[in-house]
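**Student:** build me a model:
(one chain, ligands or ions: 1)
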Amino acid sequence: MVSDRALYGDLEKVLIGRDEIRAAVKRLAARLNEEYRGRELMCICILKGAAFFFTDLIRELDLPLTTDFMALSSYGNSTKTSGEVRVQKDLDQPVLDKDVLVVEDIVDSGLTLAYIMDTLSKRGARSVKLATLLDKPDRRKNDLKVDYSCFVIPNEFVVGYGLDYAEKYRNLPDIGVLSPRIYAEEE
Ligand code: 5GP
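**Tutor:** Okay, here's the model as predicted:
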């Protein structure tokens, strides 16, 4: 736990602990198992942040499903959104006539997700829904519909359980608020 301790020193506080995360993922999976019963699901992971949530969630799903991965431009080393969306890795499979579930780590301005949802609808998916681990509704810049969210959080920059700052902290098992002194130099 030595490396853990070093990383936790960069946090202002732990916001959501690992047990709470696990319970919320199970609750969401139970809901999805009901709502998609009898259907086949295509689960799309938005890389890289959602990868941890995605693999935990789909292992709780008792449904026939396929997986695919998409990567879009993100904040880079910054804690502020640029509003620009660029596809870095597209899906390998077509979404035509599929019931698609987009799995994201966090919805902030909503710009990235609005782009993804729109793109998948235009490609002819039968249905496109959005599941996010975290939702920051105070920061929304559009009327994006979030179909499923595990936690609504305040407007703070969080890391852990897949969420990074400059590619670090993804391996923290809990979600915490990053201490502003870590990114103070950038601003
Ligand atoms: P949006 O397009 O909704 O503004 O941005 C979504 C993306 O911004 C997320 O996938 C994530 O990469 C990044 N993001 C937004 N808020 C946070 C945050 O609090 N912590 C981290 N690590 N990334 C965030």
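
**Student:** can you give me the buried ones in the lengthiest helix in the chain?
**Tutor:** Ranked by residue count under DSSP state H, the longest helix found in the chain is helix 18-35. By neighbour count on 16 or more other C-beta atoms under 10 Å, the buried set for helix 18-35 is I21, A24, V25, L28, A29, L32. For glycine as for every other residue, the C-beta is placed from the backbone atoms N, C-alpha and C.

**Student:** ok, the residue lying closest to the first one once chain neighbours are set aside - contacts?
**Tutor:** For I21, the nearest residue in space outside its immediate sequence neighbours is Y161; the separation is 6.0 Å by C-beta to C-beta, 6 or more residues apart in numbering. Each residue near Y161 by C-beta atoms under 8 Å, 6 or more residues apart in numbering is listed here: I16, R18, I21, F52, F53, D105, L133, R170, L172, P173, D174, I175.

**Student:** following the helix or strand hosting the fifth one, which helix or strand shows up next?
**Tutor:** The one in question is F53. Under the criterion of DSSP states H and E, F53 resides in helix 51-58. Scanning forward in sequence from helix 51-58 by DSSP H and E, the next helix or strand is strand 65-72.

**Student:** and the protein, which residues reach the ligand?
**Tutor:** Counting by C-beta under 6 Å from any ligand atom, the positions of the chain adjacent to the ligand are 49, 74-75, 81, 104-113, 157-159, 163-165.

**Student:** list buried members of these by neighbour count.
**Tutor:** 49, 74, 81, 104-113, 157-159, 163-165.

**Student:** which of these fall within strands?
**Tutor:** Taking DSSP state E, the ones among those that sit in strands are E104, D105, I106, V107, V158, V159.

**Student:** which one of the residues you listed is nearest to T66?
**Tutor:** T66 lies nearest to E104 out of these, by C-beta to C-beta, at 17.9 Å.

**Student:** that closest one is in contact with L113, isn't it?
**Tutor:** Yes. With contact defined as C-beta atoms under 8 Å, E104 counts as touching L113 (6.1 Å).
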